[in-house]
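Asks: would you be able to build a 3D model of this:
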Amino acid sequence: MRYKYGFRFGFGFPPFGFWFRGPGYFPRREEYIRMLEEYKKELEAELKDVEEELKELRGESQSI
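Replies: Residues are numbered from 1 along each chain as shown. Alright, predicted model coming up:
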């Protein structure tokens, strides 16, 4: 099967992944660093959301 624009390979952790454009393709160093930095920002945002959720739940449980 041929892919016109490559295919996504992400180990089940969307949206992080590589776009393989052919056999033996691996992202360039700059592209790989950019991808990792974006993924780090997404994880930090997710962590912040989880911390806020925990604060809300703890605040509600103390008032009961």
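Asks: can you classify F26 as helix, strand or coil?
Replies: coil (DSSP: H, G, I helix; E, B strand; the rest coil).
Asks: and it, backbone torsions?
Replies: phi -140, psi 140 (degrees, to the nearest 10).
Asks: with R28 instead?
Replies: In terms of degrees, to the nearest 10, the main-chain angles of R28 are phi -60, psi 160.
Asks: tally up the residues packed near it, please.
Replies: Neighbours of R28 under the rule other C-beta atoms under 10 Å: 8. The C-beta positions use only the backbone N, C-alpha and C, and glycine is treated the same way.
Asks: just Y39 next, same as before
Replies: Neighbour count of Y39, defined by other C-beta under 10 Å: 14.
Asks: can you tell me the element it falls in?
Replies: helix 29-63 (DSSP states H and E).
Asks: mind checking how far Y39 is from Y32?
Replies: Going from Y39 to Y32 by C-beta to C-beta, to the nearest Å gives 11 Å.
Asks: if we can go back for a sec, in the helix holding Y39, which residues are buried?
Replies: M35 (16 or more other C-beta atoms under 10 Å).
Asks: pLDDT below threshold where in this structure?
Replies: The chain contains residues with pLDDT under 70 at 1-24, 61-64.
Asks: one more time with 50, if that's ok
Replies: The model of the chain has pLDDT under 50 over residues 1.
Asks: pretty sure M35 sits against R28.
Replies: No - applying C-beta atoms under 8 Å as the test, M35 and R28 come out as separate, 10.4 Å apart.
Asks: with just CA atoms, put stretch 47-64 into PDB.
Replies: C-alpha atoms of stretch 47-64 as PDB (Å, rounded to 0.1, in the frame of the first residue of the first chain):
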ATOM      1  CA  LEU A  47      -1.000  18.100  34.100                       C
ATOM      2  CA  LYS A  48      -2.200  21.600  34.900                       C
ATOM      3  CA  ASP A  49      -5.800  20.500  34.100                       C
ATOM      4  CA  VAL A  50      -5.500  17.400  36.400                       C
ATOM      5  CA  GLU A  51      -4.100  19.500  39.200                       C
ATOM      6  CA  GLU A  52      -7.000  21.900  39.000                       C
ATOM      7  CA  GLU A  53      -9.500  19.000  38.900                       C
ATOM      8  CA  LEU A  54      -7.900  17.600  42.100                       C
ATOM      9  CA  LYS A  55      -8.100  20.900  43.800                       C
ATOM     10  CA  GLU A  56     -11.800  21.200  43.000                       C
ATOM     11  CA  LEU A  57     -12.500  17.700  44.200                       C
ATOM     12  CA  ARG A  58     -10.600  18.100  47.400                       C
ATOM     13  CA  GLY A  59     -12.300  21.500  48.100                       C
ATOM     14  CA  GLU A  60     -15.700  19.900  47.600                       C
ATOM     15  CA  SER A  61     -15.000  16.900  49.800                       C
ATOM     16  CA  GLN A  62     -13.800  19.100  52.700                       C
ATOM     17  CA  SER A  63     -17.000  21.200  52.600                       C
ATOM     18  CA  ILE A  64     -19.300  18.100  53.000                       C
END
